[in-house]
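*Asks:* pasting the structure only:
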C-alpha cells in the first residue's frame, strides 16, 4: 500500500513538471533562434557586404528607379554632346583701323585749349625755338593745310611722348624717328635721308596724320585713348 502511494506521488510530480515546462521550453528555443537570425541578417546585409551589393544590383535591373535615373542622365549627355558638335564660328572679329576708331569717337578730347569741331580740343602752344625740329614742324604745318597756331600744340604733345622730337629715336618694335614710323623705312617715301633728317621725318609724319586722322588734334585725341596713333 505504501509503495503504491509512493509510485503514484512520483508519477504525479513528473506529469506536473511536463505540464509546467512543456510550453515554456519550445518558446525559449524559438526566441534564441530568432535572436541569432537577426544578428546574422544584420551582418549579411550591412553596407559593403556581398548581400548588400546584391540588393543594390537588384535595383539596377530594367524598370527600377535607379536604372531610370541613369538612363535619363545618359540621354541628356548625348543631347549636349550632339549640340556642341553643331556649333560653328560665323566669322572672325575684325579690328578697326585708327581712322575708323577716330571717326567713331568724335567726342574724344585731349589736352587743354579751345574746342574745335567734333568735340576735339585744340592745345595752345607758343612758337618753338628757331632751328629746332619743333620749329621745322611749326613752319611746315601750313603746307599741309593746318594752322600752326591751332594745331601745333596737339602735334607737340603727341610727339613729345612718341619720340621726344629726336630724329634717331627707336623702340623695340622697330618704330623710328620723330613720328615713330613703323617700320622706319616707310619714311623713305618722303626722302632718302629719312634716317637722319628731321625735316624729312616731319614731312612724312604730317602726311600720315592728314591721311589717317585729318589733322594733328584728332590724332592726339586718338593717342590719348590708345597710346599710339
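*Replies:* That came through, no problem. None of these values were measured; they are calculated from a predicted model.

*Asks:* Please, where are all the helices along the chain?
*Replies:* Using DSSP state H, the helices of the chain run over residues 2-21, 24-44, 50-59, 65-85, 98-104, 133-140, 148-162, 198-212, 216-226.

*Asks:* tell me the angle of the last one relative to helix 198-212?
*Replies:* So that's helix 216-226. Counting by axes from the mean of the first three to the mean of the last three C-alpha atoms, to 10 degrees, helix 216-226 lies at 80 degrees to helix 198-212.

*Asks:* any idea of the mean pLDDT in helix 216-226?
*Replies:* Summarised as a single mean, pLDDT over helix 216-226 is 97.

*Asks:* Quick check: which helices or strands does that helix pack against?
*Replies:* For helix 216-226, the packing partners by 3 or more C-beta pairs under 8 Å, 6 or more residues apart in numbering; DSSP states H and E come out as helix 98-104, helix 148-162, helix 198-212. Any C-beta I mention is one placed from the backbone N, CA and C, and that applies to glycine too.

*Asks:* Repeat that for the fourth one.
*Replies:* In terms of contacts (3+ C-beta pairs under 8 Å, 6+ apart), helix 65-85 is packed against helix 50-59.

*Asks:* Over the helix it packs on, what's the mean pLDDT, rounded is fine.
*Replies:* Throughout helix 50-59, pLDDT has a mean value of 50.

*Asks:* same thing with stretch 166-181?
*Replies:* Throughout stretch 166-181, pLDDT has a mean value of 95.

*Asks:* From one end of that stretch to the other, what's the distance?
*Replies:* Terminal residues of stretch 166-181 are spaced 13 Å apart (C-alpha to C-alpha, to the nearest Å).
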